[in-house]
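Student: My questions are about this predicted structure, shown below with the sequence.
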Amino acid sequence: MCICLNTPYWNFSSEMLWGLKTFFLKHKDIKDKYETEFMLWSDMPEKPEEIQQKVAEYLVSRGEAKTSVVSSEAMEIFIDDNKKKEVNDLINGVLELRKSVKVFPTEPVEWPLPTLLRYNLFLQQEEELQKYDYLFYIDVDMRITDWIGEEILGEGLTAAQHPMYALKRNLYPPYEPNPESTAHIPLPGRFVEENGKKRFESLYYAGGFQGGKTEDFIKAMKVMKGKIEKDFNKNYIAIWNDESHWNRYLYENPPVVVLNPSYIYPDSLVDSYYIKLWGRNYSPKIMTLTKSFTTSSEGGAAVQKLISM
């Protein structure tokens with residue numbers, strides 16, 4: 001499941017689809033055991049001319065296209081020649097994407113509402129979601145680079161350690177500090193039993209890849225949706241939005257599967273920063289992407305590559 005709202009994010013969805021179709025439970029040893037489906041909540045239009053208009057308006061807002069007044073009610077948009085191919089690739093990518101996935105039309109909203117309201121959107125389709133054995137959410141602006149296999153499947157929830165806090169040395173996790181918030185966590189960790197002994201464990205999970213057994217994840221989404229709405233009613237948003245609520249839920253309901261930072265792998269500062277913090281390196285499977293918010297031919301090219309497979 002992905003959310004892709006607002007024009008700058010459309011490009012990411014095509015590349016994400018290619019990664020899912022290529023690597024997500026698709027290794028030759030297991031691909032016949034699982035059937036996967038990609039679901040997208042998006043404001044992508046259906047018609048080419050509507051897509052072109054949206055992209056053109058976005059380019060104008062960035063100063064990468066020009067406008068000319070035609071009449072009191074109309075305006076013509078001029079796109080530089082060096083941008084036209086990128087725009088056409090994006091349009092074709094969006095059109096092909098809509099043919100390949102289940103798209104739930106969603107109105108665009110400003111950040112951070114797309115991430116805070118994700119559970120509201122998903123639960124509107126609860127009847128549809130109940131058809132599946134497992135559900136996983138993944139941020140659309142990430143890149144899948146290696147096989148993702150049965151290690152993510154368990155009899156409960158699956159969570160990925162945040163790369164900033166999966167450390168060799170301890171750092172205080174950025175839990176919600178406000179006691180008035182429903183996402184507040186009073187202690188910096190919890191005691192866990194291991195080999196008959198208790199030890200203090202301080203874990204912080206990333207919000208960008210999460211899921212698990214359908215029954216467990218839907219239950220978690222309902223709880224988090226309710227708590228986010230309670231905070232809204234107090235005019236409050238948790239410090240790290242939905243991620244704060246995910247960590248609060250897991251604090252009380254520990255995940256069965258805990259994934260290392262390979263599944264939320266940063267695309268920069270690895271050698272100069274993260275390896276020093278981790279005390280080791282990890283092999284990237286899902287990479288977070290630095291967003292430049294420009295149109296690119298990569299999205300359309302990714303879909304074309306998928307179609308030819």
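Tutor: Looks like it came in fine.

Student: which residues sit in contact with the residue nearest to Lys102 when sequence neighbours are not counted?
Tutor: For Lys102, ignoring the flanking residues on the chain, the nearest one in space by C-beta to C-beta, 6 or more residues apart in numbering is Met39 at 4.8 Å. Where you see a C-beta, it was placed from the backbone N, CA and C, and this is true even at glycine. Taking C-beta atoms under 8 Å, 6 or more residues apart in numbering as the contact definition, Met39 lies against 1-2, 101-104, 125, 128.

Student: Any chance of a markdown table for those, columns pLDDT, distance to Ser262 and secondary structure?
Tutor: Shown next, in a markdown table, are those (pLDDT from 0 to 100; distance: C-beta to C-beta, whole Å; DSSP: H, G, I helix; E, B strand; the rest coil):
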| residue | pLDDT | distance to Ser262 | secondary structure |
| --- | --- | --- | --- |
| Met1 | 93 | 20 | coil |
| Cys2 | 92 | 20 | strand |
| Val101 | 85 | 25 | coil |
| Lys102 | 88 | 28 | strand |
| Val103 | 89 | 29 | strand |
| Phe104 | 92 | 29 | strand |
| Gln125 | 95 | 29 | coil |
| Glu128 | 95 | 30 | helix |
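
Student: can you put these in JSON lines and add neighbour count and distance to Leu95?
Tutor: Formatted as JSON lines, the entries for the contacts of Met39 read as follows, by neighbours: other C-beta atoms under 10 Å; distance: C-beta to C-beta, whole Å:
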{"residue": "Met1", "neighbour count": "23", "distance to Leu95": "21"}
{"residue": "Cys2", "neighbour count": "23", "distance to Leu95": "18"}
{"residue": "Val101", "neighbour count": "19", "distance to Leu95": "12"}
{"residue": "Lys102", "neighbour count": "13", "distance to Leu95": "16"}
{"residue": "Val103", "neighbour count": "19", "distance to Leu95": "11"}
{"residue": "Phe104", "neighbour count": "16", "distance to Leu95": "17"}
{"residue": "Gln125", "neighbour count": "14", "distance to Leu95": "23"}
{"residue": "Glu128", "neighbour count": "12", "distance to Leu95": "23"}
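
Student: Now for those: which two are most distant?
Tutor: Taking C-beta to C-beta as the measure, those span a maximum distance of 14.9 Å, between Cys2 and Glu128.

Student: where along the stretch 101-250 of the chain do the helices fall?
Tutor: 113-116, 118-123, 126-129, 214-233, 241-252 (DSSP state H, counting those that start in this stretch).

Student: Next up, phi/psi of the residue nearest to Lys102, please.
Tutor: The main-chain torsion angles of Met39 are listed as degrees, to the nearest 10 and equal phi -120, psi 140.

Student: which residues sit in contact with the residue lying closest to Gln124 once chain neighbours are set aside?
Tutor: Taking C-beta to C-beta, 6+ apart as the measure, Gln124 lies nearest to Phe104, with 7.9 Å between them; neighbours along the chain are not counted. Phe104 is in contact with 39-42, 121, 124-125, counting by C-beta under 8 Å, 6+ apart.

Student: Around the residue nearest to Glu176 when sequence neighbours are not counted, count how many other residues there are.
Tutor: Among residues not flanking Glu176 along the chain, Ala183 sits closest, at 3.9 Å (C-beta to C-beta, 6+ apart). By other C-beta atoms under 10 Å, the residues close to Ala183 number 28.

Student: Asn241 now?
Tutor: 19.

Student: same check, this time on Lys225
Tutor: Lys225 sits with 20 neighbouring residues when counted by other C-beta under 10 Å.

Student: same thing with Val270?
Tutor: Under the neighbour criterion other C-beta under 10 Å, Val270 is assigned a count of 18.

Student: thought it was touching Arg280?
Tutor: No. With contacts counted by C-beta atoms under 8 Å, Val270 stays clear of Arg280, the gap being 11.6 Å.

Student: re earlier: okay, who's weakest in the contacts of Phe104 by pLDDT?
Tutor: By pLDDT, Ser42 ranks lowest within those, coming in at 89.

Student: Just grab the bridge partners of it for me.
Tutor: Assessed by DSSP bridges, Ser42 has beta-bridge partners Cys4, Pro105.
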